[in-house]
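Peer 1: Next one to model:
(chains A and B)
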Amino acid sequence: MSEEHKKIIVGDRRPDGRALDEMRPITAKAGVISRANGSAHFAMGSTVAIAAAYGPRELHPKHLQDPVRAYLKYVYAMAPFSTQDRVKPGPSRRSTEISEVSRQAFNSVIFLEEFPKAGIEVFVEILQANASTRCAGINAASIALADAGVPMTDLVSSCAAGKVDGKIILDVAGEEDTEGEVDMPIAYIPRKDEIALLQMDGLLTLDEFKEALELAKKGCMQIHEKQVAALKERYVRVASEIAKKGPVRESAEEVA
Amino acid sequence: MITKIDKEFIKTLAREGKREDGRAFDQFRDLKIETGFAKNAEGSALVTLGETRVLAGVKLSVGTPFADTANEGVLMVNAELGPKASPEFETGPPKEGAIELARVIDRGIRESKCIDLEALCITPKEKVWMVSVDIDPINDGGNILDAAGIAAIAALHDVKIPKLDEDVRPIFGTNSGKLKLRHIPIPVTTFKVNGALVMDPDFEEEASAEARLTVTSVEGFLCAMQKGGESNFKTEEVVRAAETAYAKATELREVVKQAVGL
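Peer 2: Numbering: from 1, shown residues only, chains lettered A, B, ... in the order given. The predicted structure is shown next:
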């Protein structure tokens, strides 16, 4: 395929009109699944994730129980209809890996030692995919865990930087993802200034890598604000409904 | 498994800037590469890194290309962490560890564009070479990922593409030339042991580590990264790990070049 590579980024404008360091619009909402202990809906542009968190609760199968800490389970899945080609349901090599690195990203922020033998479980589903699905999943999972009341040192925030047409950009999407040179998702713990997930595919020089890392961290800070706001909004909502008519019951329409 | 007392010992040493075997934190054990180890594979390499031994074998077959890459051969990387290599490994289908290992090595090779997949097209849209790289750890003496990545790229350099008969079937044992390879991607993993950044751990050091970061690089570029483990890295540590891994890969690449006759 030796055809000329078509430029995606013209000047400093991206295909969807964003600046190089601009994220897609973010929406975040806590408490969208009434049966779950905690839940969240998180969208970055047209990538949409929903997460349900359970626990600490009795863990099954019992052999997974750990006498000194809670067992953290993280399941990432894509809805079969979430992409152009149908995704076969059930775990794949890709989803197995994403689940594992995402679980590790949460491992250090949750007070697992407080709940020996218990299970804390997060189930993430990507409803609609347009790049950075693992990031959207982590962002939703963070809110869901906090919404479930699971004690944590901080919310984990995640987004990707990338390289397209030689330029380092924030929050790769659409053709930037399919045609771009580099995708580098990270997860960040602002309070501790720690990188909890880091993956990179593509060719970057050391200097470009440092630039991408700083940009991705900046993106994570913006996401972090939205996550905090979603949780605050959730409890304002709960409080006002209690004031009005007693205990809250969520209607089906609120399940996004 | 590692005992608590050994783990504490290794962590205390790390905090003091020392390692049990006296190596510097960024010092690898002796790396030996033997190509052509498995005679029935089209390419193979046995990598020895201290006690760690990993065998990689490449098999070539003719198959149909994927619809979206109709003029390209297919590269597949698979790893099995079987119980022969460590008491911690079990039988059965690949678990997270083996899947991650294979995918990290796959990305290092694929993203560096070191293998010319278009050169593996036999007839567009119909027949292409399928290149299967199978990673088989023989003994897990720590750091099998780096050893496996080096074994995989050395094995690919060792490949002899078979000739085809008139029905476009490979003739076993024949040689029509080598794969077209451009760079030599080398993964180097940095482990965080009690806050110290350590490379090429033995299995006890690896079992004492709280986090790891694999950085795969080619000349001039980083081409794949993967953070793993139960703990995290500071920004400064990530940058330092990337820089050291890049420098270390330059060193290791010379050993690979020599082994594959470049």
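Peer 1: in which helix or strand would I find residue A:199?
Peer 2: Assessed by DSSP states H and E, residue A:199 sits inside strand A:194-204.
Peer 1: For the helix or strand following that strand, which helices and strands make contact with it?
Peer 2: Going down the chain from strand A:194-204, the next helix or strand is helix A:206-245, by DSSP H and E. Other elements packing on helix A:206-245 under the criterion 3 or more C-beta pairs under 8 Å, 6 or more residues apart in numbering or on different chains; DSSP states H and E are strand A:26-30, helix A:133-147, strand A:157-164, strand A:167-170, strand A:182-189, strand A:194-204, helix B:235-260. (Each C-beta comes from the backbone N, C-alpha and C, glycine too.)
Peer 1: Also compute the angle for helix A:206-245 relative to helix B:235-260, please.
Peer 2: 140 degrees (axes from the mean of the first three to the mean of the last three C-alpha atoms, to 10 degrees).
Peer 1: Direction-wise, compare helix A:206-245 with helix A:133-147 and give the angle.
Peer 2: Using the same axes, to 10 degrees, the inter-axis angle of helix A:206-245 relative to helix A:133-147 is 40 degrees.
Peer 1: average pLDDT across helix A:206-245?
Peer 2: Model confidence over helix A:206-245, given as mean pLDDT, is 94.
Peer 1: Same check on stretch A:39-59?
Peer 2: 94.
Peer 1: and chain A, which of its residues are near chain B?
Peer 2: A:1, A:93-94, A:96-97, A:99-101, A:104, A:107-108, A:184, A:189, A:192-206, A:209-210, A:213, A:217 (C-beta under 8 Å from any C-beta of the partner chain).
Peer 1: Just put the helices and strands packed on helix A:206-245 in JSON lines and tack on distance to residue B:66 and mean neighbour count.
Peer 2: Formatted as JSON lines, the helices and strands packed on helix A:206-245 follow (distance: least, C-beta to C-beta, whole Å; neighbours: other C-beta atoms under 10 Å in any protein chain shown):
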{"stretch": "strand A:26-30", "distance to residue B:66": "34", "mean neighbour count": "21"}
{"stretch": "helix A:133-147", "distance to residue B:66": "21", "mean neighbour count": "29"}
{"stretch": "strand A:157-164", "distance to residue B:66": "24", "mean neighbour count": "27"}
{"stretch": "strand A:167-170", "distance to residue B:66": "28", "mean neighbour count": "22"}
{"stretch": "strand A:182-189", "distance to residue B:66": "20", "mean neighbour count": "26"}
{"stretch": "strand A:194-204", "distance to residue B:66": "18", "mean neighbour count": "24"}
{"stretch": "helix B:235-260", "distance to residue B:66": "29", "mean neighbour count": "18"}
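Peer 1: Let me have the ones you listed in TSV, adding distance to residue A:83 as columns.
Peer 2: Below are those laid out as TSV (distance: least, C-beta to C-beta, whole Å):
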stretch	distance to residue A:83
strand A:26-30	20
helix A:133-147	9
strand A:157-164	17
strand A:167-170	22
strand A:182-189	16
strand A:194-204	18
helix B:235-260	31
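Peer 1: which regions of chain A lie under the pLDDT threshold?
Peer 2: For chain A, applying pLDDT under 70 flags the ranges A:1-5, A:246-256.
Peer 1: Can you classify residue B:56 as helix, strand or coil?
Peer 2: Secondary structure for residue B:56, judged by DSSP: H, G, I helix; E, B strand; the rest coil, is strand.
Peer 1: is it true that it touches residue B:135?
Peer 2: Yes. Proximity of residue B:56 to residue B:135 meets the contact threshold set by C-beta atoms under 8 Å, at 5.2 Å.
Peer 1: Which neighbours do those two have in common?
Peer 2: Listed as contacting both residue B:56 and residue B:135 by C-beta atoms under 8 Å, 6 or more residues apart in numbering or on different chains are B:148, B:151-152.
Peer 1: Most neighbours of all these, which one?
Peer 2: Counting neighbours by other C-beta atoms under 10 Å in any protein chain shown, the top entry in the shared contacts of residue B:56 and residue B:135 is residue B:151, with 32 neighbours.
Peer 1: Which residue, other than its chain neighbours, is closest to that residue?
Peer 2: Closest residue to residue B:151 apart from its sequence neighbours, by C-beta to C-beta, 6 or more residues apart in numbering or on different chains: residue B:56 at 3.6 Å.
Peer 1: roughly how far apart are that neighbour and chain A?
Peer 2: Look at residue B:56 and chain A: by C-beta to the nearest C-beta, to the nearest Å, they are 18 Å apart.
Peer 1: and that residue, how many neighbours?
Peer 2: When neighbours are counted by other C-beta under 10 Å, residue B:56 registers 32.
Peer 1: which residues does residue B:81 contact?
Peer 2: Taking C-beta under 8 Å, 6+ apart, one finds B:89, B:94-95, B:97-98, B:101, B:137, B:140, B:144 in contact with residue B:81.
Peer 1: how about the helices in the stretch 1-150 of chain A?
Peer 2: With helices called from DSSP state H, counting those that start in this stretch, the stretch 1-150 of chain A shows them at A:93-107, A:133-147.
Peer 1: can you list the residues of the stretch 51-200 of chain B near chain A?
Peer 2: Proximity of the stretch 51-200 of chain B to chain A, by C-beta under 8 Å from any C-beta, involves residues B:71, B:96, B:99-100, B:102-103, B:107, B:111-113, B:118.
Peer 1: So which of these sit within helices?
Peer 2: In helices, defined here by DSSP state H, the members of these are B:96, B:99-100, B:102-103, B:107, B:111.
Peer 1: Give me the buried subset of those.
Peer 2: Using 16 or more other C-beta atoms under 10 Å in any protein chain shown as the burial test, these include B:99-100, B:102-103, B:107, B:111 as buried.
Peer 1: Could you name the specific helix or strand carrying the residue of chain B positioned farthest from its centre?
Peer 2: Largest separation from the mean C-alpha position in chain B: residue B:166, at 35.7 Å (C-alpha atoms, centre = their mean). Residue B:166 belongs to no helix or strand when elements are defined using DSSP H and E.
Peer 1: Please report how far the spatially most central residue of chain A lies from residue B:103.
Peer 2: Central residue of chain A (C-alpha atoms, centre = their mean): residue A:138, 2.5 Å from the mean position. Residue A:138 is 18 Å from residue B:103, where distance means C-beta to C-beta, to the nearest Å.
Peer 1: Give me the contact list for stretch B:114-127.
Peer 2: A:1, B:62-65, B:69-75, B:109, B:128-129, B:131, B:153, B:156, B:164, B:168, B:179-185, B:218.
Peer 1: PyMOL command for the buried members of those residues?
Peer 2: To isolate the buried members of the contacts of stretch B:114-127 in PyMOL, using 16+ other C-beta under 10 Å:
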select buried, chain B and resi 62+65+72+73+74+75+109+128+129+131+153+156+164+179+181+183+184+185+218
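Peer 1: Out of the contacts of stretch B:114-127, list just those in helices.
Peer 2: Among the contacts of stretch B:114-127, the members falling in helices (DSSP H) are B:109, B:153, B:156.
Peer 1: any chance of the residues you listed in a markdown table, plus distance to residue B:257?
Peer 2: Shown next, in a markdown table, are these (distance: C-beta to C-beta, whole Å):
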| residue | distance to residue B:257 |
| --- | --- |
| B:109 | 16 |
| B:153 | 10 |
| B:156 | 13 |
